[in-house]
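Student: here's a sequence, model it:
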Amino acid sequence: LLSRIAVVVLLYYSGVWALVTTLVIYVVRVFHLSTTQVGWLLGTYGLSTMVAEAGLVRCVVPALGEVPTVRLGLLAFAAQCVAVALARDPALIWASIALSLLSNLVYPAVSALVSRSVAPHAQGEALGAINGVKALTEGAGPLAFAALMSSFEHTSLPGLPYLACAALAALAFAVTFHLPDDDQYA
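Tutor: Model (predicted):
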């Protein structure tokens, strides 16, 4: 079970870190956003993360359960990446922030799933292992996608690397169907 959760985290966060670390460069190069606009964009993304992880997660996870919440978040992240990839003006970039409200539910739901799936004395070790996988993506995702970004920068679809992020989220979504349903933990 933990190995499947680790695969979900690896795939999802490889895409997340690719998006997070390249988005500023992308919106400046493609849409010529000013430093003030970039600041507002990043601040709005940050606010979205805070709202999702401090408030929305408290409603969605109890209502849907951990695995369905992970799936919802992965679908939202895939849609967010497609929106960014296909954007022809900055309005769609801004609109994609609404999807990040749901995509930011993935990790809290994963953490709850891990905690519930191991014995109480093993929770720290299990969460540490999952966080280790997440940490690996902080280096690998940006490295891989920086190369992709430079390869597609001067093409008719400079956002194409974000479709790769969406594909990673779709693969992670598929892996969630190999996780036990929430009622199997009761």
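Student: against the centre of this protein, work out the most remote residue.
Tutor: Centroid-distance maximum for the chain: residue 121 at 28.8 Å, with C-alpha atoms, centre = their mean.
Student: and the lowest-mean-pLDDT helix or strand in the chain, what does it pack onto?
Tutor: When the helices and strands of the chain are scored by mean pLDDT, DSSP states H and E, helix 123-152 comes last with a mean of 88. Judged by 3 or more C-beta pairs under 8 Å, 6 or more residues apart in numbering; DSSP states H and E, helix 123-152 is in contact with helix 2-31, helix 106-117, helix 160-175. Bear in mind the C-beta positions are built from the backbone N, C-alpha and C, glycine included.
Student: got JSON lines for the ones you listed, with mean pLDDT and mean neighbour count too?
Tutor: As requested, the helices and strands packed on helix 123-152 are exported to JSON lines (pLDDT from 0 to 100; neighbours: other C-beta atoms under 10 Å):
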{"stretch": "helix 2-31", "mean pLDDT": "93", "mean neighbour count": "20"}
{"stretch": "helix 106-117", "mean pLDDT": "91", "mean neighbour count": "20"}
{"stretch": "helix 160-175", "mean pLDDT": "96", "mean neighbour count": "21"}
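Student: could you dump those helices to CSV with distance to residue 82?
Tutor: As requested, the helices and strands packed on helix 123-152 are exported to CSV (distance: least, C-beta to C-beta, whole Å):
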stretch, distance to residue 82
helix 2-31, 12
helix 106-117, 17
helix 160-175, 5
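Student: report the buried residues of the least confident helix or strand of the chain.
Tutor: For helix 123-152, burial by neighbour count (16 or more other C-beta atoms under 10 Å) applies to 126, 129-130, 133-134, 136-137, 141-142, 144-145, 148-149, 152.
Student: format these as TSV; extra columns: distance to residue 100.
Tutor: TSV is the format used below for those (distance: C-beta to C-beta, whole Å):
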residue	distance to residue 100
126	27
129	26
130	21
133	21
134	17
136	22
137	17
141	16
142	18
144	21
145	17
148	21
149	20
152	23
